[in-house]
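J.: mind looking at a prediction? Sequence and model below.
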Amino acid sequence: MSGLPELLRSLRVWDPAVTELPPLDPAGAPGDPLELFTRWFAEAARAGEREPHTVSLATADAEGLPDARVVMLHGADADGWAFATHADSRKGRQLAARPYAALVFYWPALGRQVRLR
């Protein structure tokens, strides 16, 4: 049985034959980041991403230690990004104590990620 190091070495890393990394020209991007996100989100859905609304959410606990989990995006607008939680869940308590978070969308079909804080 192979170990983790061998398995990791056997996997592709941004193989251009499989995934073309799209360039980003900041001068050609819309002034509103949400407009660009919406465009990219639609492209991810059209490219066959099965759950383009799946996003990694990172928060910090009372000691400042990072915590991450996967949630589903429910919406985004000028007021912020919405995902489901319960106020008494771990993430709900962490966000109540420290109202800061980071989100990372990853769409491998496009070789693209979106990071938000």
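T.: Alright, I've got the coordinates.
J.: what about residue 80, how many residues nearby?
T.: By other CB atoms under 10 Å, 9 other residues sit near residue 80. C-betas here are computed from N, CA, C, even on glycine.
J.: partners of it in the sheet?
T.: Beta bridges link residue 80 to residue 77 when assigned by DSSP bridges.
J.: tell me how far it lies from residue 90.
T.: Per CB to CB, to the nearest Å, residue 80 is found 20 Å from residue 90.
J.: same question for residue 66.
T.: 13 Å.
J.: more crowded one of these two?
T.: residue 90 (13 against 9).
J.: touching, that one and residue 67? I think so.
T.: Yes - if you go by CB atoms under 8 Å, residue 90 and residue 67 touch, sitting 7.0 Å apart.
J.: any common contacting residues for the two?
T.: Residues touching both residue 90 and residue 67 (CB atoms under 8 Å, 6 or more residues apart in numbering): none.
J.: which parts of the chain are strands?
T.: Along the chain, the segments classed as strands by DSSP state E run 54-60, 66-77, 80-83, 102-107, 112-116.
J.: return the residues in contact with residue 96.
T.: Counting by CB under 8 Å, 6+ apart, residue 96 has contacts residue 87.
J.: need the pLDDT of it.
T.: Per-residue pLDDT puts residue 96 at 94.
J.: quick one: it from residue 57, how far?
T.: Distance from residue 96 to residue 57, by CB to CB: 14 Å.
J.: equivalent analysis for residue 89, please.
T.: Taken as CB to CB, the span from residue 89 to residue 57 is 11 Å.
J.: so those two - more neighbours on which side?
T.: residue 57 (22 against 12).
J.: count the residues that sit near the nearest residue to that one once chain neighbours are set aside.
T.: Closest residue in space to residue 57, ignoring its immediate chain neighbours: residue 71 at 4.9 Å, by CB to CB, 6 or more residues apart in numbering. Applying other CB under 10 Å, we find 15 residues neighbouring residue 71.
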